[in-house]
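Trainee: Predicted model follows, preceded by the sequence.
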Amino acid sequence: MSEPTGKYSITMPRDVAEAAKVRSGPSGLSAYVAAAVARQVERDNLNELIAVAEAEHGPITDEEIQAVRDQLQRARREADAA
């Protein structure tokens, strides 16, 4: 069962709307915009989580970020090899 929906009026630059219409495909512009907004809400939530974690534990260093990237790359290579 899908979530309840509401009808909203939004304003956006015409070129952005036209590009979205072209890319939306058979699901339509409303579904395309809803998915984009959902991704943005998810990013905003993650940024809030990061801010809370950094306030408690200090900022994440570039070295820590690179270490996690390296770990993910190794895991992907191992998964591809399996």
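Mentor: Good, I have the coordinates.
Trainee: mind checking the end-to-end distance for stretch 53-64?
Mentor: With C-alpha to C-alpha, to the nearest Å as the measure, stretch 53-64 spans 14 Å from end to end.
Trainee: Any idea how far that stretch is from the middle of the chain?
Mentor: The chain centroid and the centroid of stretch 53-64 are separated by 21 Å under C-alpha atoms, centre = their mean, to the nearest Å.
Trainee: for stretch 17-34, same thing?
Mentor: Relative to the mean C-alpha coordinate of its chain, stretch 17-34 is positioned 17 Å out (C-alpha atoms, centre = their mean).
Trainee: Now that stretch - C-alpha only, CSV.
Mentor: Extracted as CSV, the C-alpha positions of stretch 17-34 are listed here (Å, rounded to 0.1, in the frame of the first residue of the first chain):
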residue,chain,number,x,y,z
ALA,A,17,11.2,21.7,-14.6
GLU,A,18,11.6,20.8,-18.3
ALA,A,19,14.8,18.8,-17.7
ALA,A,20,12.9,16.9,-14.9
LYS,A,21,10.0,16.2,-17.2
VAL,A,22,12.3,14.7,-19.8
ARG,A,23,14.0,12.5,-17.2
SER,A,24,10.9,11.5,-15.3
GLY,A,25,9.8,8.9,-17.8
PRO,A,26,6.7,6.9,-17.4
SER,A,27,6.5,7.4,-13.6
GLY,A,28,5.8,11.1,-14.3
LEU,A,29,7.1,14.4,-13.0
SER,A,30,5.3,14.1,-9.6
ALA,A,31,7.1,10.8,-8.8
TYR,A,32,10.4,12.3,-10.0
VAL,A,33,10.1,15.4,-7.8
ALA,A,34,8.9,13.3,-4.8
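Trainee: low-scoring stretches of this structure, by residue?
Mentor: Applying pLDDT under 70 to the chain flags residues 1.
Trainee: Any idea which residue is closest to the centre of it?
Mentor: Taking C-alpha atoms, centre = their mean, the centroid of the chain lies closest to residue 39, which sits 3.9 Å from it.
Trainee: Which element, helix or strand, includes that residue?
Mentor: Here residue 39, judged by DSSP states H and E, is contained in helix 28-57.
Trainee: That helix: which residues count as buried?
Mentor: Buried residues in helix 28-57, counted by 16 or more other C-beta atoms under 10 Å: 32-33. In short, each C-beta sits where N, CA and C put it, glycine included.
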